[in-house]
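Student: what's the 3D shape of this:
(one chain, ligands or ions: 1)
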Amino acid sequence: MKKGKFIVVEGIEGAGKSSAISVIEAVLNRHNIPFIKTREPGGTPLAEALREIVKSASHEEKLTQETELLLMYASRSQLLANRILPALESGTWVIGDRHDLSSRAYQGGGRQFDDGIMDAIANVTLKGFTPDLTVYLDIAPELGLARAQARGELDRIELEKIEFFQRVRDKYLSLAQASETTNVIDASQSMQAVHNDVTAAVEAFVSGMQG
Ligand code: TMP
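Tutor: From the prediction side, this is the model:
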């Protein structure tokens, strides 16, 4: 039985996921809610090894789109079984830096795998498991990528063209708007305004849980 809650932060590169996660940590700490943090791809030793492969831009052998898709879900399967579900079952909450919505947006939107393929792989991996709350930080790719570039070297996926990220954002937005458990936050606002919006979304969720 799942007793903890799973809160996921989503967005393209440079949207401000790390700051949003710090804000969520502060809210949970204020309410004395125990939690762990995870990131995807990654979060277990094997999943972190898969992360290295999908993020590395220096492959002598080109990574196919199909391999990329399958590695994302392989990593998610390891993380779900070995960290997320055990934590939730013990009553510990989980803050996820990305989850399935990332695959829907990047592989489904960006790489243009069709919904039938995405649904089939997601069903095999997740068996209907979904986050309790998703905070999607929405930002124009031009702005997000400029922020990511300012941080340093770009990884394999960050080297994609702007049209790729436009498709990723469009898919994120359409799926987020159709989901009752996803909050869309305008990440182009000032840091303080984004911080306030994230706090409000998570506070409302925690209050709802506490009845
Ligand atoms: P990041 O978490 O440091 O932003 O890096 C993860 C990269 O992997 C990022 O470019 C998004 C990408 N990604 C996918 O393409 N599909 C996925 O399912 C996940 C979790 C990440």
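Student: Give me the three-state assignment for the residue sitting furthest away from the middle of the chain.
Tutor: Within the chain, Glu60 marks the point farthest from the mean C-alpha position, 28.1 Å out by Cα atoms, centre = their mean. On the three-state scheme (DSSP: H, G, I helix; E, B strand; the rest coil), Glu60 is labelled coil.
Student: Please tell me how far it sits from Ala49.
Tutor: Separation of Glu60 from Ala49 (Cβ to Cβ, to the nearest Å): 18 Å. For every residue, glycine as well, the C-beta is placed using N, CA and C.
Student: Same check on Pro141?
Tutor: In terms of Cβ to Cβ, Pro141 sits 29 Å off from Ala49.
Student: circling back: tell me the predicted confidence for the residue farthest from the centre of the chain.
Tutor: Note for Glu60: predicted pLDDT of 78.
Student: How about stretch 126-146 and the ligand, any contact?
Tutor: No - between stretch 126-146 and the ligand, judged by Cβ under 6 Å from any ligand atom, nothing touches; the nearest distance is 10.3 Å.
Student: Report the secondary structure state of Gly128.
Tutor: Assignment for Gly128 (three-state DSSP): coil.
Student: For it, what are phi and psi?
Tutor: The phi/psi pair for Gly128 (degrees, to the nearest 10) reads phi 90, psi 0.
Student: Contact partners for it?
Tutor: Residues near Gly128 by Cβ atoms under 8 Å, 6 or more residues apart in numbering: none.
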